[in-house]
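A.B. asks: curious how this folds, go ahead:
(2 chains)
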Amino acid sequence: DGGITQSPKYLFRKEGQNVTLSCEQNLNHDAMYWYRQDPGQGLRLIYYSQIVNDFQKGDIAEGYSVSREKKESFPLTVTSAQKNPTAFYLCASSTEGGTGELFFGEGSRLTVL
Amino acid sequence: DQQVKQNSPSLSVQEGRISILNCDYTNSMFDYFLWYKKYPAEGPTFLISISSIKDKNEDGRFTVFLNKSAKHLSLHIVPSQPGDSAVYFCAAAPSGTYKYIFGTGTRLKVLA
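C.D. replies: As a prediction, the model looks like this:
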């Protein structure tokens, strides 16, 4: 079955720690994305990548970092510089930017204690 | 500055009736629009899309209408079913770009 796998589904972190969220896709999609969802704020774009070894900042990239070393993988690191990291994080992929639908993973909920 | 707006945070509709969810946008460069449905603690699932060369697109019970001059789109669900109860997001992007911008969502409740 093709799809997007995010892990872990739930993650707890102490303040000051970095944490990495995994996103893997077997849809052979070129583009991958990370969104953050907060109550009442919809989905906000953190980073996106059009092709391997290339990525662009979205609207709320501060305190986050990504890498795209393989087509299938787009991990997101939430660093200690992110002031309010508790949120629901969604990874997505698409075939073509701007003309294709986004396929989403099931999400990862990060809670900072 | 919110480029995609869903001004109704919630909507309640009786089962079997029509649900109409609205979305407004401000960026005239947007020419591809999508609707997603989302349950709590899950990823959004794609419902239907429309490009700016059309003003209507249908898929089963779901129809999306686009009014480019008003920068407005709407999703019609007919007939509404209790399983349609979820949060609905609209999203927009300029064609050929990768920056899909989402609205804040409308929570639809279909009453049995």
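A.B. asks: okay, and the helix or strand of chain B with the least pLDDT?
C.D. replies: strand B:101-102 (a mean of 92; mean pLDDT, DSSP states H and E).
A.B. asks: what residues does it touch?
C.D. replies: The contact list for strand B:101-102, computed with Cβ atoms under 8 Å, 6 or more residues apart in numbering or on different chains, reads A:35, A:42-45, B:3-4, B:27, B:30, B:36, B:89-93. Bear in mind the C-beta positions are built from the backbone N, C-alpha and C, glycine included.
A.B. asks: can you tell me which of those residues are buried?
C.D. replies: Neighbour-count burial (16 or more other Cβ atoms under 10 Å in any protein chain shown) applied to those gives A:35, A:42-45, B:3-4, B:30, B:36, B:89-93.
A.B. asks: can you show me the strands along chain B?
C.D. replies: B:4-5, B:10-14, B:19-25, B:32-38, B:45-51, B:56-59, B:62-67, B:72-77, B:86-93, B:101-102, B:106-111 (DSSP state E).
A.B. asks: nearest to residue A:101, out of those?
C.D. replies: Proximity to residue A:101 (Cβ to Cβ) singles out strand B:45-51 among these, at 4.5 Å.
A.B. asks: need the CA coordinates for the closest one. CSV is fine.
C.D. replies: Coordinates of each C-alpha in strand B:45-51 appear next as CSV, following Å, rounded to 0.1, in the frame of the first residue of the first chain:
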residue,chain,number,x,y,z
THR,B,45,-8.0,13.5,3.4
PHE,B,46,-8.5,15.0,0.0
LEU,B,47,-12.1,15.6,-1.2
ILE,B,48,-12.1,17.6,-4.4
SER,B,49,-10.2,20.2,-6.3
ILE,B,50,-10.8,22.9,-8.9
SER,B,51,-8.6,24.9,-11.2
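A.B. asks: give me the sheet partners of it and which way each runs.
C.D. replies: strand B:32-38 (antiparallel) (DSSP bridges).
A.B. asks: partners of the residue nearest to the spatial centre of chain A in the sheet?
C.D. replies: Taking Cα atoms, centre = their mean, the centroid of chain A lies closest to residue A:34, which sits 2.9 Å from it. With beta bridges defined as DSSP bridges, residue A:34 has these partners: residue A:47, residue A:91.
A.B. asks: wait, isn't it in contact with residue A:91?
C.D. replies: Yes: using Cβ atoms under 8 Å, residue A:34 makes contact with residue A:91 at a distance of 5.7 Å.
A.B. asks: which neighbours do the two share?
C.D. replies: The contact sets of residue A:34 and residue A:91 overlap at A:23, A:74, A:76 (Cβ under 8 Å, 6+ apart).
A.B. asks: who in chain B is up against chain A?
C.D. replies: Residues of chain B lying near chain A by Cβ under 8 Å from any Cβ of the partner chain: B:6, B:9, B:32, B:34, B:36, B:41-46, B:49, B:51, B:89, B:91, B:93-105.
A.B. asks: ok, now with 6 Å
C.D. replies: B:32, B:34, B:42-44, B:46, B:93-98, B:102-105 (Cβ under 6 Å from any Cβ of the partner chain).
A.B. asks: all strands for chain A, in order.
C.D. replies: A:4-7, A:10-13, A:19-25, A:31-37, A:43-49, A:56-57, A:64-66, A:76-78, A:87-94, A:103-104, A:108-112.
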